[in-house]
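*Asks:* Okay, sequence plus prediction incoming.
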Amino acid sequence: MAVEIRVPRLGWSMEEGTFLGWLKQEGEAVKSGDVLYELEGEKATQEIESLDVGVLRIPANAPVPGSVVAVGALLGYLVSDGEAIPDTSPTRERGEADTNPTRERGRALHETTNPESRASNPESVTLNPERGGAPALADASGYMDRVIASPRARRVATELGVDWTRLKGSGRNGRVRERDVRAATATDGTRSTFSPRRRVIADRMLASQRQTASVTLTTRADATQLVRLREQFKASKTPTIVPSYADIIAKLAVTVLRQYPHMASRWDGDRLIEPTMTDDLAIGIAVDTDGGLLVPVIPQVSRLSVRQVAERSRELIEKARAGKLSTAEMQGGVFTITNLGAYGIDAFTPIINVPETAILGLGAIRREPVVIERDQIVIRDLITLSLTFDHRVTDGAPAARFLQTIRAAIEDAAVWLLN
């Protein structure tokens, strides 16, 4: 009996994705665990594995690489050897009619939602040649007539708002390369003011504002000890990554969140889930990439040393900026830290990364004169902290106490890290 291959939901708010192409060929035997195809969700590319066995059959009107596909859309079948596929058609993207199949097959990638290609090699073809060579389309006779592009070219085209399907490629067999896309931008001035990836970010930001009763509190903390601690990491002779301020504060935040578990609550539909003392808390670190804001999540922060947090953070940040971050690596966070201090920003209003209920913004660390006891004036390193929380989940006073404790942890970082 034929097994349907349908588009899965990769994220909690995903309604559609971008089909990037088959990694198995028409007629090829498939085992459970084999990677069938690549799919882009809201902010990441994922290889989709088969849960069944059989022979891959791709209908003639199946989506082609670059097509927008709805969650649940039919892509193909796994059948027994010699078995025919059912006489039905896959769900078409966005209700396009059968009378216009050419338009559906040639749909431009710049109309899709949030493409961030997993590949970083500008010479990469659309599909991995080691997994079957040319794309496994049922209409293989027309393959050479189609415009193809490297994953990086498609990603750059999306960011710049260029319709790569209309470009003449300089690569092998007319493949569109990144430089072709950038050249098109330079020659015709084509640039989207609102790229698909930017649109996804905008939708998520707007959803956060609509779904939360956001309130932001700010305070200043003496970061002198924090700065000295990081200098000690720098001076260490051990060859390792130097933790950033965000890495150290992420470790401190987990300790504080144990005391204020309601600040680590997450929405699950209409239910609010509060972690227990035994739960491993995962912290999101907001990352600025060429394509927009991403939030990779560091799991089990309480079990990691500061150096291990820094190593994991660096790994995730590099993957985010290379477009290789998976959906799973952006899920499960209970609290997010975002840092604009490097840009000279002091205080700002962070937007909650739903379904989380709180986010901490870090401002610039500045050396300033401070009045201490007996009216003495000393120089201290000061940092501004901006906490945005969902007022539906907690009130202002408990949130203020949480922020006050975060401040205390920063001001006495060495001791708090021993807890």
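*Replies:* Structure's in. What do you need? Everything numeric here is computed off the predicted structure, so don't read it as measured data.
*Asks:* for this structure, what spans make up the helices?
*Replies:* 101-105, 151-160, 178-188, 196-211, 224-235, 245-259, 306-321, 396-411, 413-416 (DSSP state H).
*Asks:* Which positions in the third one come out as buried?
*Replies:* To tie it back to what came earlier, the one meant is helix 178-188. Residues 178, 180-181, 184-185 are the ones in helix 178-188 that count as buried (16 or more other CB atoms under 10 Å). In this view, the C-beta of every residue, glycine as well, is placed from N, C-alpha and C.
*Asks:* Check the separation of the first and last residues in stretch 53-62.
*Replies:* The separation between the terminal residues of stretch 53-62, taken as CA to CA, to the nearest Å, is 20 Å.
*Asks:* any idea of the mean pLDDT for it?
*Replies:* On average, the pLDDT along stretch 53-62 is 91.
*Asks:* Stretch 155-168 now?
*Replies:* In the prediction, stretch 155-168 has an average pLDDT of 77.
*Asks:* Over to that stretch now: how far is its first residue from its last?
*Replies:* OK, stretch 155-168 end separation, CA to CA: 17 Å.
*Asks:* gap between it and the chain center?
*Replies:* In terms of CA atoms, centre = their mean, to the nearest Å, the centre of stretch 155-168 is found 21 Å from the chain centre.
*Asks:* got it, and stretch 167-174?
*Replies:* Worked out by CA atoms, centre = their mean, stretch 167-174 lies 30 Å from the chain centre.
*Asks:* Can we start the residue count at 340 from this point?
*Replies:* Got it, the first residue is 340 from now on, which makes the last one we talked about stretch 506-513.
*Asks:* and it, how far apart are its ends?
*Replies:* End-to-end for stretch 506-513, by CA to CA: 9 Å.
*Asks:* tell me which residues in it are buried?
*Replies:* Buried-residue list, stretch 506-513, by 16+ other CB under 10 Å: 506, 508, 510, 513.
*Asks:* Distance check, Arg746 against Arg559.
*Replies:* 8 Å (CB to CB, to the nearest Å).
*Asks:* Report the set of residues contacting both of these two.
*Replies:* Leu724 (CB atoms under 8 Å, 6 or more residues apart in numbering).
*Asks:* how does this protein divide into domains?
*Replies:* For the chain, the structural domains run 342-536, 552-755, going by automatic domain parsing.
*Asks:* Off-centre distance for the longest one?
*Replies:* If I follow you right, that is domain 552-755. 18 Å.
*Asks:* what about it, average pLDDT?
*Replies:* On average, domain 552-755 scores 93.
*Asks:* Tell me which residue of this structure is furthest from the middle?
*Replies:* What lies farthest from the middle of the chain is Arg713; by CA atoms, centre = their mean that is 50.5 Å.
*Asks:* quick one on the thing from earlier: any idea which of the buried residues of helix 517-527 is closest to Pro635?
*Replies:* Among those, Glu517 lies closest to Pro635 (CB to CB), at 24.2 Å.
*Asks:* Strands of the stretch 340-489 of the chain, start to end?
*Replies:* Per DSSP state E, counting those that start in this stretch, the stretch 340-489 of the chain carries strands over the ranges 342-345, 355-361, 368-369, 374-379, 384-388, 393-396, 406-409, 413-418.
*Asks:* partners of the third one in the sheet?
*Replies:* It refers to strand 368-369. Partner strands and pairing direction for strand 368-369 (DSSP bridges) are strand 393-396 (antiparallel).
*Asks:* And the longest one, by the same measure?
*Replies:* Using DSSP bridges, the strands paired with strand 355-361 in its sheet are strand 374-379 (antiparallel), strand 406-409 (antiparallel).
*Asks:* tell me the mean pLDDT for the last one?
*Replies:* Pointing back at strand 406-409 there. Across strand 406-409, the per-residue pLDDT values average to 85.
*Asks:* The strands of the stretch 340-489 of the chain into CSV, with extra columns for distance to Phe572 and mean neighbour count?
*Replies:* Converted to CSV, the strands of the stretch 340-489 of the chain look like this (distance: least, CB to CB, whole Å; neighbours: other CB atoms under 10 Å):
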stretch, distance to Phe572, mean neighbour count
strand 342-345, 49, 18
strand 355-361, 40, 25
strand 368-369, 49, 16
strand 374-379, 37, 23
strand 384-388, 34, 18
strand 393-396, 51, 20
strand 406-409, 46, 22
strand 413-418, 49, 21
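*Asks:* right, and those - which one's nearest Asp734?
*Replies:* Using CB to CB, the strands of the stretch 340-489 of the chain put strand 355-361 closest to Asp734, at 38.1 Å.
*Asks:* Contact partners for the nearest residue to Ile711 once chain neighbours are set aside?
*Replies:* Excluding its sequence neighbours, the residue lying closest to Ile711 (CB to CB, 6 or more residues apart in numbering) is Val717, at 5.7 Å. When contacts are counted by CB under 8 Å, 6+ apart, Val717 touches 708-709, 711.
*Asks:* again, but for Asp619
*Replies:* By CB under 8 Å, 6+ apart, the neighbours of Asp619 are 638-642.
*Asks:* I'd like those residues as CSV, with neighbour count appended.
*Replies:* Output for the contacts of Asp619, formatted as CSV (neighbours: other CB atoms under 10 Å):
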residue, neighbour count
Pro638, 16
Gln639, 15
Val640, 26
Ser641, 14
Arg642, 11
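*Asks:* Quick check: the two most widely separated of these?
*Replies:* Pro638 and Ser641 (10.0 Å).
*Asks:* rewinding a little: the buried residues of stretch 506-513 in strands, which ones?
*Replies:* When DSSP state E is applied, the buried residues of stretch 506-513 are split such that none fall in strands.
*Asks:* what would these look like in TSV with distance to Ala736?
*Replies:* Formatted as TSV, the buried residues of stretch 506-513 follow (distance: CB to CB, whole Å):
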residue	distance to Ala736
Leu506	58
Gly508	61
Gly510	61
Gly513	65
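*Asks:* Between those, which sits nearest Ile424?
*Replies:* Gly513 (31.4 Å).
*Asks:* Check whether the closest one really touches Lys507, as I assumed.
*Replies:* Yes - using CB atoms under 8 Å, Gly513 makes contact with Lys507 at a distance of 7.0 Å.
*Asks:* that older thread, beta partners of the residue nearest to Ile711?
*Replies:* Residues in beta-bridge contact with Val717 (DSSP bridges): Val709.
*Asks:* Ok, the one 10 residues further on next?
*Replies:* In this structure, Thr727 has beta-bridge partners Thr555, Ile698, where bridges are defined by DSSP bridges.
*Asks:* Thanks a lot, see you next time.
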